[in-house]
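could you work out the structure for the sequence below:
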Amino acid sequence: LFYCVPKIDILLSCLRKTTMEQNISTNENEFFAETSLIDIIPNFRSETIHLISGDFGPFRPSKPVSVPLWIGIYLKKQQKCKVSAPFWMDAEYLEKKLQEEKQHKEELMGDLPFHYKQIATLLLSYASDDLTDALKIRTIIEDIENIRESKIHDFIKSMQDPTNIVKLNNISSAELMVIREVTSSAMNTITMYKAAREQRNDSSQYSSSLMETQGSTL
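Below you'll find the predicted structure:
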């Protein structure tokens with residue numbers, strides 16, 4: 001039953017990254033999201049499975065069990081389980097989060113998982129029939145994403161100096177990728193500008209030194 005293997009190539013690429021390499025790809029972000037635990041209700045019987053990330057099971061019909069998201073999706077595709085939605089994937093709960101985001105225009109609100117966007121996308125793609133008000137949940141999450149994205153863009157525009165260290169609370173993994181891309185581009189531009197300016201200064205100093213030397217010779 002469990003002859004499925006997670007994205008090993010992505011895992012290896014993550015392990016190969018040094019602590020100085022902060023850029024994480026979209027696929028790697030999804031991989032980390034798939035390690036999040038969710039509850040499922042299996043319709044089969046199987047003993048505990050032993051993985052690097054832990055032991056999961058045993059699996060008994062109609063008895064809820066926690067598993068990594070990637071296992072839940074795999075079993076759902078095989079029609080071997082139903083998925084229990086995380087507490088935060090509830091239309092009423094998300095509506096409250098949406099209103100909080102609207103009320104606090106200069107701050108990102110918390111109480112959503114770091115990988116909420118990836119988790120929600122996967123569950124809505126593969127287990128929407130197990131979610132109550134799936135269409136409404138999708139709409140509210142998109143509204144939350146749009147509001148938060150607008151806040152982040154305003155935050156980036158308001159930065160006086162891209163080289164400053166800044167603190168931004170309650171940011172998600174997808175939003176962090178956007179900020180890294182923008183700030184990385186800005187830093188590259190600044191570095192190129194500084195290098196060009198230093199080169200001009202060096203050339204100017206060399207010309208001045210050469211003129212002084214020629215004057216002394218005369």
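
in this protein, where is pLDDT below threshold?
For the chain, the stretches with pLDDT under 70 are 1-24, 159-167, 182-198, 200-218.

where do the helices of this structure begin and end?
Remark: helices assigned in the chain by DSSP state H are 8-16, 26-33, 69-77, 91-103, 116-126, 134-158, 173-217.

show me which positions of the second one end up buried.
In other words, helix 26-33. Going by neighbour count (16 or more other C-beta atoms under 10 Å), the buried part of helix 26-33 is Glu28, Asn29, Glu30, Phe31, Phe32, Ala33. In this view, the C-beta of every residue, glycine as well, is placed from N, C-alpha and C.

can I get those in a markdown table with distance to Asp90?
Output for the buried residues of helix 26-33, formatted as a markdown table (distance: C-beta to C-beta, whole Å):
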| residue | distance to Asp90 |
| --- | --- |
| Glu28 | 28 |
| Asn29 | 24 |
| Glu30 | 23 |
| Phe31 | 26 |
| Phe32 | 23 |
| Ala33 | 19 |
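
out of these, which comes closest to Arg180?
Nearest to Arg180 out of those is Asn29 (C-beta to C-beta; 11.3 Å).

from Ser158, how far off is that closest one?
Distance, Asn29 to Ser158, by C-beta to C-beta, to the nearest Å: 26 Å.

how about Ser84?
For Ser84 relative to Ser158 (C-beta to C-beta), the value is 41 Å.

again with Leu131
Per C-beta to C-beta, Leu131 is found 37 Å from Ser158.

give me the more crowded residue out of the two.
A direct count of neighbours by other C-beta atoms under 10 Å for Leu131 and Ser158 places Leu131 higher, at 20 against 9.

wouldn't that one be in contact with Ala85 here?
Yes. The criterion here is C-beta atoms under 8 Å, and Leu131 meets it with Ala85 at 5.1 Å.

tell me, what's touching the two both at once?
Each of Leu123 lies in contact with both Leu131 and Ala85 under the rule C-beta atoms under 8 Å, 6 or more residues apart in numbering.

now the end-to-end length of stretch 55-69.
14 Å (C-alpha to C-alpha, to the nearest Å).

ok, stretch 156-168 next?
OK, stretch 156-168 end separation, C-alpha to C-alpha: 11 Å.

before we move on, the earlier item: tell me the two of the buried residues of helix 26-33 that are most distant?
Glu28 and Ala33 (9.8 Å).

residues contacting the closest residue to Ile171 other than its chain neighbours?
Closest residue in space to Ile171, ignoring its immediate chain neighbours: Leu108 at 6.0 Å, by C-beta to C-beta, 6 or more residues apart in numbering. Under the criterion of C-beta under 8 Å, 6+ apart, the neighbours of Leu108 are Glu101, Arg148, Lys151, Ile152, Leu168, Asn169, Asn170, Ile171, Glu175.

kind regards, and thank you for your time.
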